[in-house]
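Enquirer: got a predicted structure plus its sequence, pasted below:
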Amino acid sequence: ATTGARIKVSQSNEFFPCTNDRIVLVSGDLEVVRTAISEICRRVFEAQAARESASQQQAQGGPGQPGQPDPYAAPAPVRTNRTLRVVIPASAAGMIIGREGQVIKTMAEETNTRMQLSNKDDAMLPSINERIVTVSAEDPLCVEAGVKAVAAQLLTEPESGRYTNMSTTYAPMPVGPRGPAAAPPPGYGVPPPQAHGYPQPAPPPYPPAGYAMSYARGPPGYPGAG
């Protein structure tokens, strides 16, 4: 479907640092971004539901015996939640949380979702200067409404809601003998100066209504959500 927004998806081997989540970057004015969010949610959740249905059918019917239980099949996964994660500038954390957590609490109640902002003290990559709002609910439409609420809230303070990285590219994560490094070197996480072969433009005085969403990569070959 045509949404009118500018949408960029990270490559299949490019993930948000410290995760297996790919990035969907959406930019445009608020209304076209809202339309794009609806389309992205629909596609991601439909793919996830199809994957779950196929897993259940496989568990209920053994090879060559449709409908007969397969004693060797693993139990079908039970998925009750749908989740999307919204990447926000660290400077926007205050407006998302609100005084004594009132803003994020109100958004969650009004959209019937659970919302959680990543803890800045737990950030493995502080130089990225971004945090994640996790939006989850049993009803996919509630998740969609929650993501839209976060997007709209970012516009209440344009300067704080400005994205410094209007790209889906992050520097490769350093890996040590015991796994990912907890304290990356200075400048880590900053996109290259000429990502995708062209210079990055200077940020405008007021940013477009751009929002970055991450969705978890499912099992191999499955583009589902986490």
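Expert: All right, it came through fine.

Enquirer: now residue 33: phi and psi?
Expert: phi -70, psi -40 (degrees, to the nearest 10).

Enquirer: and it, how far from residue 120?
Expert: 26 Å (CB to CB, to the nearest Å). For the C-beta atoms, the positions are set from N, CA and C on the backbone; glycine is no exception.

Enquirer: more neighbours: which of those two?
Expert: residue 33 (25 against 10; other CB atoms under 10 Å).

Enquirer: wait, that one touches residue 26, no?
Expert: Yes. Between residue 33 and residue 26 there is a contact under CB atoms under 8 Å: 5.4 Å.

Enquirer: where in this structure is pLDDT low?
Expert: Residue ranges of the chain with pLDDT under 70: 1, 59-80, 121-127, 171-226.

Enquirer: at 80 what do you get?
Expert: 1-2, 55-80, 120-128, 165, 170-226 (pLDDT under 80).

Enquirer: which parts of it are strands?
Expert: For the chain, the strands defined by DSSP state E occupy 6-9, 21-27, 82-89, 114-117, 130-137, 175-176, 179-180, 211-216.

Enquirer: can you redo these as TSV with mean neighbour count?
Expert: Below are those laid out as TSV (neighbours: other CB atoms under 10 Å):
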stretch	mean neighbour count
strand 6-9	15
strand 21-27	22
strand 82-89	23
strand 114-117	18
strand 130-137	22
strand 175-176	8
strand 179-180	10
strand 211-216	24
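
Enquirer: so which of these is nearest residue 104?
Expert: Of all the strands of the chain, strand 114-117 sits nearest to residue 104, with 5.2 Å by CB to CB.

Enquirer: pairing partners for that closest one, with directions?
Expert: Sheet pairing of strand 114-117 (DSSP bridges) gives strand 130-137 (antiparallel).

Enquirer: hmm, who's touching the strand it pairs with?
Expert: For strand 130-137, the external contacting residues (CB atoms under 8 Å, 6 or more residues apart in numbering) are 16, 81-90, 93, 96, 104, 111-118, 120, 123, 143, 146-147, 150, 165, 212, 214.
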